[in-house]
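Enquirer: Below are the sequence and a predicted model; questions follow.
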Amino acid sequence: MGLAVMLATALTLTGLGPITEDGRLFSDSLLLIAVVGGAGIIARRVAGAGVAARLLQAGAGLAALTVLGAASGVSGPGQLPGLVQDALRWTVLSSAPMGPNTGVRLIAVAAIGVLAFLADQLAVGYGHPAWTLLPLAVPYLVTALALPALVTFWPLLWLAVGYVGVLLAEAANRNRALRFQAADGSRWSLLLGGGAMLLSGLLVAGLAGVFTPGLDAGRGAPFSGQGPVEMGDPSLDLRRNLQMPVDRPVLDYTTSTGTGVYLRLTSLPAFDATGFHLNAIDLFEGNLPAPQGAPADSPRYSIDVTVGDFNSEWLPLPYAPASFTASGQWRHDPQSLSVLAAGAGQKQATNALRYQATVIDTTPSGERVRAAAAGYPVDGSTTAAVPDDLPQRIRELAQNITADAATDGQKALLIQQWLRSSRFSYSTEPAPGSGYEALTRFLFDDRTGYCEQFATSMAVLARAVGIPARVAVGFLPGDRVGDGWEVSIRDMHAWPELYFGTLGWVAFEPTPGVATPPSYTLPVSEEAPTPSASATPSPSAQTEEPTAEPTSNVDEPEPEAVAADLTWLGWTAAGLLVTLAAGVTPALLRRLRRTRRLVVRQPRQAVAAAWEEVRDTVWDAGAEWPQGSPRQIGTRVADDLGPDAAAAMGRVAVLVERARYAESLGDVGQLGADVERVRAGIEAVRRPPWWRRLFPRSLWRGLWWKG
């Protein structure tokens with residue numbers, strides 16, 4: 001039974017294939033599975049099936065994980081919080097399949113080790129092999145729930161093989177299964193019977209895929225030939241690529257007019273509380289349609305593109321492409337005129353690809369933009385929609401900015417002018433929060449961000465005054481090199497596109513410090529002749545650096561029948577994951593609480609959060625929080641500290657008094673550093689024992705302790 005559980009757990013690792021490209025994650029997981037399973041077998045032989053055997057098995061797994069961590073450069077538990085934070089950041093900034101990351105690998109390997117231990121205990125320790133389906137299904141469900149477009153038939157097959165193996169081992173051990181007697185009375189009849197049942201079930205499931213839309217040989221059942229094309233959200237690549245530590249060229253191109261152009265991957269038409277994102281679309285082969293709303297007599301130009309080391313399923317093209325020639329399988333979206341790869345190797349379709357395209361130049365004149373009225377595109381139900389829960393402050397802001405405009409075109413120009421004004425600044429530092437909270441903070445408080453935040457803000461403000469809008473993601477024109485142009489990874493960019501009835505989709509450039517606004521959006525006195533080959537904003541040679549958003553989408557919704565079949569299994573796996581998460585190191589929760597407190601931006605709230613952090617630090621060190629005024633408390637705590645920490649404690653106490661009683665708070669710029677000095681000083685004189693660090697007392701404040 002122990003060997004069967006080890007094999008079954010190893011087979012379930014195939015479910016993680018679509019999520020990661022880190023081969024070492026799989027090899028380390030296999031090693032940990034072998035250690036946990038083998039230690040369980042040996043421990044039960046030596047110590048029986050009681051608590052002692054479980055402790056020995058868990059200890060062996062922890063020792064193996066420690067060795068794997070040391071081999072990855074982790075020297076001690078003090079590095080774990082940093083690894084977890086790095087893993088979370090890497091997960092947010094990466095798109096599937098993720099590249100190698102030490103933190104992600106160690107967390108995943110540790111989780112696999114826990115699942116191997118649980119499966120072994122359920123099957124052998126507690127004698128319930130059927131229950132092993134719960135931990136065994138977790139790797140498959142992680143992919144199924146997080147990335148439904150990447151769910152495949154084959155990991156489910158190996159999960160079934162492993163699970164049936166566990167059941168057969170149980171039947172063989174206990175000799176109470178119904179035997180399928182072979183003709184010659186072979187002793188292998190039990191195994192043959194189990195295999196027959198497994199193959200019959202898989203055959204039925206595979207044949208069902210023929211009649212189930214949305215499943216194909218690459219993603220669903222092995223006998224189906226039709227299926228959706230998975231769409232990766234390019235805004236995820238935007239965030240990751242802008243934060244690359246080293247810039248590198250990814251493609252070069254030439255145009256028949258010799259001018260540089262924005263190369264568009266796709267546009268994000270849907271907007272809700274989470275931001276702009278892709279939605280399900282219909283893809284077609286063959287010729288691209290004419291751009292909606294654009295003048296029929298628009299001129300055309302050609303472009304020749306050579307891609308280097310850049311993996312994408314989206315084909316970089318200027319707007320609006322009329323035709324293209326590229327090797328491989330490609331389909332297009334008639335609404336956005338984006339071109340998406342299909343078939344095998346979809347995610348790497350652009351790597352080392354050379355292609356040509358003919359482009360319709362839809363660049364308008366400034367006069368036509370200023371006189372334009374908003375139109376209603378074919379997908380207007382999506383691109384013109386304003387969510388009911390959009391904060392009223394944002395709606396009122398849009399009205400105030402455009403109050404002096406006589407036309408919709410003038411409204412768009414005023415919004416761009418407002419975002420490019422001196423009240424806003426460009427920064428690649430990631431801002432806290434998400435959704436409406438982050439958008440509101442950007443527009444009213446921080447007013448600092450990078451291209452995606454500027455593009456999103458202009459698109460939302462435009463929708464709020466009745467102009468359909470979407471966010472395009474692609475590349476800046478890059479730098480001129482000889483007769484052509486070179487585009488680097490940090491040239492990835494986002495910009496808004498607004499729809500006008502007589503112009504179609506028109507690009508704007510609200511991001512300051514990265515690219516100059518297109519000539520048709522400049523005041524009449526500054527307007528330059530319209531370039532004949534630029535259908536998008538005219539760039540500067542500058543590039544931008546870091547951040548955007550992730551998700552994965554499909555061009556059709558997942559079949560409801562498949563979702564219904566997996567509902568109960570999904571809830572079970574979710575419950576198991578929540579249980580595991582609840583038991584993972586309270587010390588990590590304490591670290592995350594500290595991090596949240598020290599990034600509060602509103603001064604008085606920041607002071608209150610810092611005071612809470614100092615109090616919890618005292619509690620976690622095993623001391624009691626003094627009574628009295630902030631100055632009295634600060635004096636008593638400082639008595640036990642070194643000079644630097646005592647001085648920092650005094651400064652924090654003074655700020656707390658001012659925040660509570662004074663009209664003016666003063667400078668709080670060093671508040672976070674002072675809190676860290678106090679914390680270091682407390683730990684220097686009263687270092688908590690290991691069990692207090694693992695289970696910080698402050699986490700339970702208010703449950704049975706008061707302070």
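Expert: Thanks, I have it.
Enquirer: Looks like residue 106 contacts residue 74 (just checking).
Expert: Yes. Between residue 106 and residue 74 a contact is recorded at 6.9 Å, counting by CB atoms under 8 Å. Backbone N, C-alpha and C define where each C-beta goes, glycine included.
Enquirer: overlap in contacts of those two?
Expert: Counting by CB atoms under 8 Å, 6 or more residues apart in numbering, the shared contacts of residue 106 and residue 74 are residue 83.
Enquirer: out of those two, which sits in the busier spot?
Expert: Neighbours around residue 106 and residue 74, counted as other CB atoms under 10 Å, are more numerous at residue 106. The numbers are 22 against 19.
Enquirer: Which pLDDT value goes with the closest residue in space to that one that isn't next to it in sequence?
Expert: On the basis of CB to CB, 6 or more residues apart in numbering, the spatially nearest residue to residue 106 that is not a chain neighbour turns out to be residue 69, at 5.7 Å. The per-residue pLDDT reported for residue 69 equals 87.
Enquirer: again with residue 234
Expert: Reading off the per-residue confidence, residue 234 sits at a pLDDT of 69.
Enquirer: Next up, identify which helix or strand residue 142 is on.
Expert: helix 133-146 (DSSP states H and E).
Enquirer: any idea how far residue 111 is from the residue nearest to residue 106?
Expert: With distances taken as CB to CB, to the nearest Å, residue 69 is found 14 Å from residue 111.
Enquirer: between the two, who's got more neighbours?
Expert: For residue 69 versus residue 111, the count of surrounding residues by other CB under 10 Å is larger for residue 69: 22 against 18.
Enquirer: Would you double-check that the more buried one falls in a helix?
Expert: Yes. Secondary structure assignment places residue 69 in a helix (DSSP: H, G, I helix; E, B strand; the rest coil).
Enquirer: So it is in contact with residue 107, correct?
Expert: No. The pair formed by residue 69 and residue 107 falls short of the contact definition of CB under 8 Å, at 10.7 Å.
Enquirer: and the helix holding residue 142, what other elements does it pack with?
Expert: Helix 133-146 makes packing contacts with helix 2-12, helix 102-120, helix 153-174, helix 560-583 when contacts are defined by 3 or more CB pairs under 8 Å, 6 or more residues apart in numbering; DSSP states H and E.
Enquirer: could you give the mean pLDDT of that helix?
Expert: In this model, helix 133-146 carries a mean pLDDT of 84.
Enquirer: the inter-axis angle of it versus helix 102-120?
Expert: Helix 133-146 and helix 102-120 are oriented at 140 degrees to each other (axes from the mean of the first three to the mean of the last three CA atoms, to 10 degrees).
Enquirer: Please tell me how far helix 133-146 is from the chain's geometric centre.
Expert: Put simply, helix 133-146 sits 19 Å off its chain's centre (CA atoms, centre = their mean, to the nearest Å).
Enquirer: How about stretch 671-678?
Expert: Mean C-alpha position of stretch 671-678 versus that of the full chain (CA atoms, centre = their mean) differs by 31 Å.
Enquirer: So what touches that stretch?
Expert: Stretch 671-678 has contacts (CB under 8 Å, 6+ apart) with 598, 606-607, 610, 613-614, 617, 637, 641, 644-645, 648-649, 651-652, 655.
Enquirer: before we move on, back to that, so which bits of the helix holding residue 142 are buried?
Expert: Of the residues in helix 133-146, those scored as buried under the neighbour-count criterion (16 or more other CB atoms under 10 Å) are 133, 134, 135, 136, 137, 138, 139, 140, 141, 142, 143, 144.
Enquirer: Brilliant, that's me finished.
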